[in-house]
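> curious how this folds, go ahead:
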Amino acid sequence: MKRGCWVCRVINLVLVAALVGLAYLIVVPGNIEPHADGRSVVLLNPDERNKVLGEMRGLLETVQAVVQAATMGDMEAVSVASTAAGMAAARGESGSLLGKLPLEFLALGMGTHKAFDALAVTAQETDDPMVILEELGVIMDNCTGCHAGYRLGIEGQDREQ
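Alright, predicted model coming up:
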């Protein structure tokens, strides 16, 4: 082994640590700033904000469809609605948008989509509406947690509203 190899290893280690640190600073927090109400403002351009809000409205519409179908005992409709809001609905997001979202926000969102996929499976395995509503209540914990911690803002706008 060459004597100078330890210097190369140290330099490589420092470079890797710097890259990991930079990635952490860029990816984990996302494009956010604090708000007076205690939540973090996720800063997006208008199109990105509309896309995220549209996705949230779609999830709320799914909740409504699931509740209505469960109360009527229509587990097939519960499964169909839940599948539509599952991971298939999360595919195709742009890298630039994902890079602006904090890691916790993304985890809550992806967790919600996965939970809707799981709810679709549960609906195929049970005829008990209370099982569906209980599982939906757990999914709603993600929604309320996200809304309690975050709000959406427009990049470059005054956010004291």
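> what's the helix or strand harbouring Gly145 packed up against?
Take DSSP states H and E as the rule and Gly145 turns out to sit in helix 129-149. Counting contacts by 3 or more CB pairs under 8 Å, 6 or more residues apart in numbering; DSSP states H and E, helix 129-149 is packed against helix 46-71, helix 103-125. (Each C-beta comes from the backbone N, C-alpha and C, glycine too.)
> after it comes which helix or strand?
strand 150-154.
> okay, now the domains of the chain?
The record's domain parsing of the chain by automatic domain parsing lists 1-30, 31-154.
> can I get those in JSON lines including mean neighbour count?
Converted to JSON lines, those look like this (neighbours: other CB atoms under 10 Å):
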{"stretch": "domain 1-30", "mean neighbour count": "10"}
{"stretch": "domain 31-154", "mean neighbour count": "16"}
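> looking at those domains, which has the lowest confidence?
Mean pLDDT across those is lowest at domain 1-30; the value there is a mean of 63.
> show me the contacts for the residue most central in space within the chain.
In the chain, the C-alpha nearest the mean C-alpha coordinate belongs to Gly109, at 1.9 Å (CA atoms, centre = their mean). Gly109 sits next to Glu55, Ala90, Leu101, Asn142, Cys146 when contact means CB atoms under 8 Å, 6 or more residues apart in numbering.
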